[in-house]
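Trainee: Okay, here's the prediction I keep looking at, along with the sequence it came from:
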Amino acid sequence: MIVSTNARYTINVIQDEARHLVQQGAVSRQQPIYTLCRHIPAREWASVEIELEHYNFLLRDRIADLIGPETWDND
């Protein structure tokens, strides 16, 4: 969960948090971006939405669109 007070949510911070939540299994890559609102304080969500809109992401887009392709380490 992003814990912050009056922080500026950059697209990189949002993407990193989404990746972290996917790795933890808290959200799926196939879920819509708006699912992330469960993991971000309500008072901060408006700034997250503004940043996403600035980069042309829609809340109905998949989290996979936000974080990009998965990378795999060689076994």
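Mentor: Nice, I can see it. These figures come from a predicted structure and were not determined experimentally. Numbers count the residues shown, from 1 in each chain.

Trainee: shaky segments in this structure?
Mentor: Where the chain drops to pLDDT under 70, the residues are 1-7, 71-75.

Trainee: Now the residue nearest the centre of it: closest residue in space that isn't a chain neighbour?
Mentor: Centroid-nearest residue in the chain: residue 18, 3.6 Å away (criterion: Cα atoms, centre = their mean). In space, and not counting its chain neighbours, residue 18 is closest to residue 67: 5.0 Å by Cβ to Cβ, 6 or more residues apart in numbering. No exception for glycine: its C-beta is placed from N, CA and C like everyone else's.

Trainee: What is the burial count for that neighbour?
Mentor: 19 (other Cβ atoms under 10 Å).

Trainee: cool, and residue 49?
Mentor: 17.

Trainee: Am I right that it is in contact with residue 59?
Mentor: Yes. Assessed by Cβ atoms under 8 Å, residue 49 is found in contact with residue 59 at 7.1 Å.

Trainee: which neighbours do these two share?
Mentor: Both residue 49 and residue 59 lack any common contact, where contact means Cβ atoms under 8 Å, 6 or more residues apart in numbering.

Trainee: For the residue nearest to the centre of the chain, give its distance to residue 24.
Mentor: To residue 24, residue 18 is 11 Å away according to Cβ to Cβ, to the nearest Å.

Trainee: just residue 60 next, same as before
Mentor: 23 Å.

Trainee: helices or strands up against whatever helix or strand residue 44 lives in?
Mentor: For residue 44, the host element (DSSP states H and E) is helix 42-54. When contacts are defined as 3 or more Cβ pairs under 8 Å, 6 or more residues apart in numbering; DSSP states H and E, helix 42-54 sits against helix 11-24.

Trainee: ok and the helix it packs on relative to helix 42-54, angle-wise?
Mentor: Helix 11-24 runs at 110 degrees relative to helix 42-54, counting by axes from the mean of the first three to the mean of the last three Cα atoms, to 10 degrees.

Trainee: circling back to that earlier point, the helix holding residue 44: which residues count as buried?
Mentor: Residues of helix 42-54 classed as buried by neighbour count (16 or more other Cβ atoms under 10 Å): 44, 47, 48, 49, 51, 52.
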